[in-house]
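J.: this is a predicted model, with the sequence first.
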Amino acid sequence: MIFARVAGTVVSTKKNDSIIGTKYLLTRTCDQNGKPKNDYIVALDLVGAGTGEVVIIAQGSSSRQTELTYQKPIDAVIAGIVDLVEEKGKIVFRKQADEHF
């Protein structure tokens, strides 16, 4: 699983995954504190994430294990929106009320 922050939306009028009613989001990987890294991932949004939110991404064969993505050509899915990260007994990330833009 990968931490990433939603940077924007990817629009594709024609796609080969045959999944209707979903959107792709552009995400920038980040550390457990929400600090950005230099990698970007396009991921299918399964949870209704918004710009600026920190999310959890599953990649590879794990991304094709949901009811919606089973046996589809999907390489990355947003599986969750992060509210809090605790590391060694200390809270290192907490979602702010105004974080969802």
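T.: Structure's in. What do you need?
J.: and the helices in the protein?
T.: Using DSSP state H, the chain contains no helices.
J.: tell me the residue furthest from the middle of it?
T.: In terms of distance from the mean C-alpha position of the chain, residue 89 ranks first, at 25.0 Å (C-alpha atoms, centre = their mean).
J.: where does the chain have low pLDDT?
T.: 98-101 (pLDDT under 70).
J.: what ranges do the strands span in it?
T.: 2-10, 23-30, 36-45, 54-59, 76-81, 84-87, 90-94 (DSSP state E).
J.: export these to TSV and append columns for distance to residue 65 and mean neighbour count.
T.: Where you see a C-beta, it was placed from the backbone N, CA and C, and this is true even at glycine. Shown next, in TSV, are the strands of the chain (distance: least, C-beta to C-beta, whole Å; neighbours: other C-beta atoms under 10 Å):
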stretch	distance to residue 65	mean neighbour count
strand 2-10	16	18
strand 23-30	18	18
strand 36-45	13	16
strand 54-59	8	20
strand 76-81	9	21
strand 84-87	23	12
strand 90-94	26	12
